[in-house]
Structures are given as structure tokens and as C-alpha cells.
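Asks: Sharing a sequence plus its predicted fold:
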Amino acid sequence: MEIPPKSPDGSEKSPQSRELITSNTGSTLCMSSRSESVWTSASRSKWDIYHKPVIVVSVGAAVFLFGMVITSLSCFLPKNKDVYKMCGPAFLSLGLMLLVCGLVWIPIIRKKQKQRQKSQFLQSLKSFFFNR
């Protein structure tokens, strides 16, 4: 039997074995990823998936309607007409921007969900064939 060489500091573990023991790249990789882990297959409800874009669309629609009201006030109230004419279009554009961003976000999430389902299916097939 071959005796592994001792390290210069006198410890009995070789540098390779020390790297293997302290290496936790697999767990670090899973923990550091920002996206949902592929290893957890807990199903999420529709609200958990779509709550952020729904909130953005709701706020955008509310701000857009508020901008419409303020803009229409400039037609009916002669007092502070300049303020209404400045603030109304600003709220209109901000609300429209939020509304469009939320509406574009929803198909992006749907596409991601389909890709995630495909990758989970391919990983299960790969594990089925290669783990035998």
C-alpha cells in the first residue's frame, strides 16, 4: 500500500483531500442562483407567479385614470388650469408606461415557465437514462 505524502505543515491530509472536504461548490452554486432552483419541484399558484406584473398593471391603470381625471379637470375648472395641464399628462404618461410594462411582463413570465418545464422534463429524462 502506498502512503500518501504528508503536507509541509505536518497535517496528515493531502492538499487534494483538503480541497475535497472544504469544497462545497454544488451547494454554493444552488444557493447563489437568483432563479428558482431546479431541484425544488414545489408547485406554485398562479398568484405566486403573476403577482408582481398584476400589481404593476393595477397601479399603472390607476395612475393612468388619475391622469385622465386631472387632465379633464383643466377643461372644467378655470382655477389652477396651468397646474392641471402640467400634472395631467405627466400622470397619463407614467400610468401608461407602468401599464405597458406590466402587460409585456406577463408573456415573458409565461415563456420562462414553459422553458422551465421543458428543462425539468429533459433533466428527468437525462437522469432516467444516465443513472442506470
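Replies: Right, received. Where do you want to start? Computed from a predicted structure; not experimentally measured. Numbers count the residues shown, from 1 in each chain.
Asks: Show me where the chain has its helices.
Replies: 15-22, 25-32, 46-76, 81-130 (DSSP state H).
Asks: I'd like the average pLDDT over the last one.
Replies: Looking back up the chat, that one is helix 81-130. In this model, helix 81-130 has a mean pLDDT of 89.
Asks: quick one: Ala61 and Ile55, what's the gap?
Replies: According to Cβ to Cβ, to the nearest Å, Ala61 stands 11 Å off from Ile55. Every C-beta, even on glycine, is put in place using the N, C-alpha and C of the backbone.
Asks: ok, now Arg110?
Replies: Counting by Cβ to Cβ - Arg110 and Ile55 are separated by 17 Å.
Asks: if I pick Gly102, what's in contact with it?
Replies: Counting by Cβ atoms under 8 Å, 6 or more residues apart in numbering, Gly102 touches Pro53, Val54, Ile55, Val56, Val57, Ser58, Gly60.
Asks: For those, give me a markdown table that also has neighbour count.
Replies: Shown next, in a markdown table, are the contacts of Gly102 (neighbours: other Cβ atoms under 10 Å):
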| residue | neighbour count |
| --- | --- |
| Pro53 | 18 |
| Val54 | 15 |
| Ile55 | 12 |
| Val56 | 19 |
| Val57 | 19 |
| Ser58 | 13 |
| Gly60 | 20 |
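Asks: Would you mark the buried spots in stretch 70-78?
Replies: By neighbour count on 16 or more other Cβ atoms under 10 Å, the buried set for stretch 70-78 is Ile70, Thr71, Leu73, Ser74.
Asks: Check stretch 105-124 too.
Replies: Residues of stretch 105-124 classed as buried: Trp105, Ile106 (neighbour count, 16+ other Cβ under 10 Å).
Asks: CA atoms only for it - export them in CSV, please.
Replies: Presented in CSV, the C-alpha positions along stretch 105-124 are these (Å, rounded to 0.1, in the frame of the first residue of the first chain):
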residue,chain,number,x,y,z
TRP,A,105,-44.1,41.2,-18.4
ILE,A,106,-46.9,38.6,-18.4
PRO,A,107,-45.9,36.9,-21.7
ILE,A,108,-42.2,36.9,-20.6
ILE,A,109,-43.1,35.0,-17.4
ARG,A,110,-45.3,32.5,-19.4
LYS,A,111,-42.3,31.9,-21.8
LYS,A,112,-40.0,31.3,-18.8
GLN,A,113,-42.4,28.9,-17.2
LYS,A,114,-42.6,26.9,-20.5
GLN,A,115,-38.8,26.8,-20.7
ARG,A,116,-38.5,25.7,-17.1
GLN,A,117,-41.0,22.9,-17.6
LYS,A,118,-39.1,21.7,-20.7
SER,A,119,-35.7,21.8,-18.8
GLN,A,120,-37.2,19.9,-15.9
PHE,A,121,-38.6,17.3,-18.3
LEU,A,122,-35.2,17.0,-20.1
GLN,A,123,-33.4,16.6,-16.8
SER,A,124,-35.7,13.9,-15.6
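Asks: No more questions from me, cheers.
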